[in-house]
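1. Next one to model:
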Amino acid sequence: MPEVPYDELRWEVVFGAAVQIGRELGGRGRVLSRVLLDFPAAHGPLAPDLAVVAVGAAHNARGRYAAADVEAVLEVTHPGRDHTWARACAESGVPLYVVVDPAAAACTVHTAPAPGGVYREAERVPFGNDLFLSLGGRTVVLRTDEFPTRGTA
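-> As a prediction, the model looks like this:
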């Protein structure tokens, strides 16, 4: 069976997660994809695969959301990608950073950002298990049973 292209896997995960998270939020926050966010720790804007922005967040003077407005970032891994995203999110104080890895058929949920660009806690969750994401005082459930792997789509 031919390998499924990375972009196809990534967008299937991103769109599926966006729909689920948006439904769970019920208007209490926004789900954005590939929108520029100001992350001072990244020395410039970042455009994550998926970001959850807090209720009441407003664009800054540059037309972007600030890192302080971001409740979560979700990124789909790509072979050879470095850890710049995790470091920038942790240094900028993003409380929740989720890495979806279709090759390993697992997600890693990072919490408790610390100075120095690290998250103090990480939980690895295999596809097929629900992710329980704490977003702004509420828990959002993200089902992973339909996330594609490198051999499916």
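2. How about H110: what's its closest non-neighbour residue?
-> Among residues not flanking H110 along the chain, Y119 sits closest, at 3.7 Å (Cβ to Cβ, 6 or more residues apart in numbering). Using the backbone N, CA and C atoms, a C-beta is placed for each residue, glycine as well.
3. so who does the one you found touch?
-> Applying Cβ atoms under 8 Å, 6 or more residues apart in numbering, one finds that Y119 lies in contact with 86, 90, 97, 110-113.
4. From those, which land in helices?
-> Among those, the members found in helices (DSSP state H) are 86, 90.
5. Neighbour count for the contacts of Y119 - can I get that in a markdown table?
-> Shown next, in a markdown table, are the contacts of Y119 (neighbours: other Cβ atoms under 10 Å):
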| residue | neighbour count |
| --- | --- |
| A86 | 21 |
| A90 | 23 |
| Y97 | 24 |
| H110 | 21 |
| T111 | 17 |
| A112 | 12 |
| P113 | 22 |
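6. mind listing which of the contacts of Y119 are in strands?
-> In strands, defined here by DSSP state E, the members of these are 97, 110-113.
7. Can you pick out the most distant pair from these?
-> Considering Cβ to Cβ, no two members of these lie farther apart than Y97 and A112, which are separated by 10.3 Å.
8. need the helices for this protein, in chain order.
-> The residue ranges that make up the helices of the chain, judged by DSSP H, are 6-25, 84-91.
9. number of nearby residues for A72?
-> 27 (other Cβ atoms under 10 Å).
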